[in-house]
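> Structural data only, the sequence is not supplied:
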């Protein structure tokens, strides 16, 4: 079986369906531990901002803060390195 349609990351990026979301995830193993956090940035493919935020919040339900821009990621802003081997 082969796919009839294949859409890669660059296609989604060019069409404005990639949202770069910054999350802060608390790290605390025991009650006496000093509260720390982990900053995570994820690229989410979604047709709109609200769905992208929902997906990120579902993937990381323990987040303490979430930041999502009003506009999707554009090719000139992409930090993803692609190889052409």
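Nice, thanks for sending it over. Remember, predicted model here, so these are calculated numbers, not experimental data. Numbering: from 1, shown residues only.
> The residue lying closest to residue 65 once chain neighbours are set aside sits in which helix or strand?
Using CB to CB, 6 or more residues apart in numbering and skipping residues adjacent in sequence, the residue nearest residue 65 is residue 24, 4.4 Å away. (Glycine included, C-beta is placed from N, CA and C.) Following DSSP states H and E, one finds residue 24 within strand 18-27.
> Likewise for residue 52?
Secondary-structure element containing residue 52, defined by DSSP H and E: helix 49-59.
> Please list the residues outside that helix that contact it.
With CB atoms under 8 Å, 6 or more residues apart in numbering as the test, helix 49-59 has contacts from 19, 21, 23, 42, 44-46, 63, 66, 68, 70, 72.
> In PyMOL, how would I select just the buried ones from these?
A single PyMOL command selects the buried members of the contacts of helix 49-59 (16 or more other CB atoms under 10 Å):
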select buried, resi 19+21+23+44+45+46+63+68+72
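> if we can go back for a sec, helices and strands around the strand holding residue 24, which ones?
The elements that strand 18-27 packs onto, with contact taken as 3 or more CB pairs under 8 Å, 6 or more residues apart in numbering; DSSP states H and E, are strand 36-45, helix 49-59, strand 65-67.
> Thank you, goodbye.
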